[in-house]
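Engineer: next comes the sequence, and after it the predicted model I'd like to discuss.
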Amino acid sequence: MGNYFDVRSFDSEDKTAISTIAPKILVVDDSILVRKQISKLLISEGYDVMDHSSNGLEAVDMYKKLFPDVDLVTMDISIPRMGGLKALELILEFDKNAKVVMISALGKEDISEKAVQAGALGYIMKPLNRDHVSKTLSAVFNNV
């Protein structure tokens, strides 16, 4: 998260006046419960949840609308109207530098690995674990 700075608060005399801007995240999951859970977790970790989507088609449209302000997408693999893998593909077609982390239920590790091969920067398994989510997103933002 250290790569985001608010230059408006920079005072040339006081270099300590730089404040960090929270990365902006689009949360995509068909379960309202999971959307709320991951949003609450992300906010508590200092991220800014920009918006939510419940299906792949809407997620792609929303990403295009929010671009270039969205810093990362958390995307469930199993979502209606367009699966997470197809939505990932279309987001990356639109923005080859998009940061997408896939979210999947236990037992779908093979699909999650396919998502990483397709361009996702990582995956998180459900049920959500705060430590794993935090480490995964830190690795994405710090290019680890």
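Structural biologist: Done, it's in. These numbers come from a predicted model, not from an experiment.
Engineer: remind me which helix or strand K114 belongs to.
Structural biologist: helix 109-118 (DSSP states H and E).
Engineer: what comes into contact with that helix?
Structural biologist: I77, G84, L85, L88, E89, L92, M102, S104, A120, G122, Y123, M125 (CB atoms under 8 Å, 6 or more residues apart in numbering). (C-beta placed from N, C-alpha, C; glycine too.)
Engineer: that helix: what's the following helix or strand?
Structural biologist: Counting by DSSP H and E, what follows helix 109-118 is strand 122-126.
Engineer: from the chain's centre, how far out does that following strand sit?
Structural biologist: Its chain's C-alpha centre and that of strand 122-126 lie 11 Å apart, by CA atoms, centre = their mean, to the nearest Å.
Engineer: and that strand, which strands flank it?
Structural biologist: Strand 122-126 pairs in its sheet with strand 100-105 (parallel), by DSSP bridges.
Engineer: which residues sit against the strand it pairs with?
Structural biologist: Residues contacting strand 100-105 (CB under 8 Å, 6+ apart): 29, 34, 38, 72-78, 84, 88, 91-92, 111-112, 115-116, 119-126, 128, 136-137, 140.
Engineer: for burial, what's the neighbour tally of L85?
Structural biologist: By other CB atoms under 10 Å, the residues close to L85 number 21.
Engineer: can you give me the pLDDT of it?
Structural biologist: The model reports L85 with a pLDDT of 94.
Engineer: try S12
Structural biologist: pLDDT for S12: 40.
Engineer: contact partners for L121?
Structural biologist: So L121 contacts K99, V100, V101, V140 (CB under 8 Å, 6+ apart).
Engineer: what is the nearest of those residues to M62?
Structural biologist: Nearest to M62 out of those is V100 (CB to CB; 12.9 Å).
Engineer: helices of the protein, start to end?
Structural biologist: 32-44, 56-66, 84-94, 109-118, 130-141 (DSSP state H).
Engineer: okay, the ones you listed in CSV with distance to A22 next?
Structural biologist: What follows is the helices of the chain, written out as CSV (distance: least, CB to CB, whole Å):
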stretch, distance to A22
helix 32-44, 9
helix 56-66, 15
helix 84-94, 21
helix 109-118, 25
helix 130-141, 11
